[in-house]
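**Student:** Here is my input; please provide its structure:
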Amino acid sequence: MRAGTLADLSAPLLALRLLAAEFSHLPAPRVGVSPLYPERLELTFHDDFAGFEAWREALSIAPESVVHRVQCDGRTGVLNVHVTFAGADLELTGYGKIPAVEPVSSGAGVLS
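**Tutor:** This is a model prediction of the structure:
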């Protein structure tokens, strides 16, 4: 596999530059660019669904486009969506804790 050059990452780097200029007021994500996926720009939010939602709304991504899943531990929710922005595949991902469900005892709420 060829190592690639920085020029090979021009699409996601340009997208990042444009996002930084236009949306500098939004929460800072973890940013990922890799020669393994040279067209992709990853914006990730850990323990921050609000940050994910702020970016989703700013980028006018329809809520129904977002895929929601729960990791195997049952305690971590994942929101994920791919869109094209400035010629790059923009992957927006949010991770957050799922609140524990309080067990309900038998007969709770029953009036006598």
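
**Student:** Quickly list what Val67 is bridged to.
**Tutor:** Note on Val67: beta-bridge partners by DSSP bridges are Asn80.

**Student:** Who are the contact partners of it?
**Tutor:** By Cβ atoms under 8 Å, 6 or more residues apart in numbering, the residues touching Val67 are 79-81. In this view, the C-beta of every residue, glycine as well, is placed from N, C-alpha and C.

**Student:** Neighbour-wise, give me the winner out of those.
**Tutor:** Neighbour counts for those (other Cβ atoms under 10 Å) peak at Val81, which has 21 neighbours.

**Student:** In space, what's closest to it - neighbours in sequence excluded?
**Tutor:** Val66 (4.7 Å; Cβ to Cβ, 6 or more residues apart in numbering).

**Student:** Model confidence for that neighbour, exactly?
**Tutor:** Listed pLDDT for Val66 reads 97.

**Student:** do you know how far it is from Thr84?
**Tutor:** Going from Val66 to Thr84 by Cβ to Cβ, to the nearest Å gives 16 Å.

**Student:** Also Pro35?
**Tutor:** Distance, Pro35 to Thr84, using Cβ to Cβ: 20 Å.

**Student:** which ones are touching Gly77?
**Tutor:** Listed by Cβ under 8 Å, 6+ apart, the contact set of Gly77 reads 49, 68-71, 95-98.

**Student:** rerun at 6 Å
**Tutor:** Gly77 is in contact with 70, 96, 98, counting by Cβ atoms under 6 Å, 6 or more residues apart in numbering.

**Student:** Going by neighbour count, which residues in stretch 50-66 are buried?
**Tutor:** Buried positions in stretch 50-66, judged by neighbour count with 16 or more other Cβ atoms under 10 Å: 51-56, 59, 61.

**Student:** Helices of this protein, residue ranges please.
**Tutor:** Shown for the chain, the helices assigned by DSSP state H span residues 10-22, 49-58.

**Student:** Give me the mean pLDDT for the last one.
**Tutor:** If you average the pLDDT over helix 49-58, you get 97.

**Student:** Run the angle between that helix and helix 10-22 for me.
**Tutor:** Here helix 49-58 points in a direction 100 degrees away from that of helix 10-22 (axes from the mean of the first three to the mean of the last three Cα atoms, to 10 degrees).
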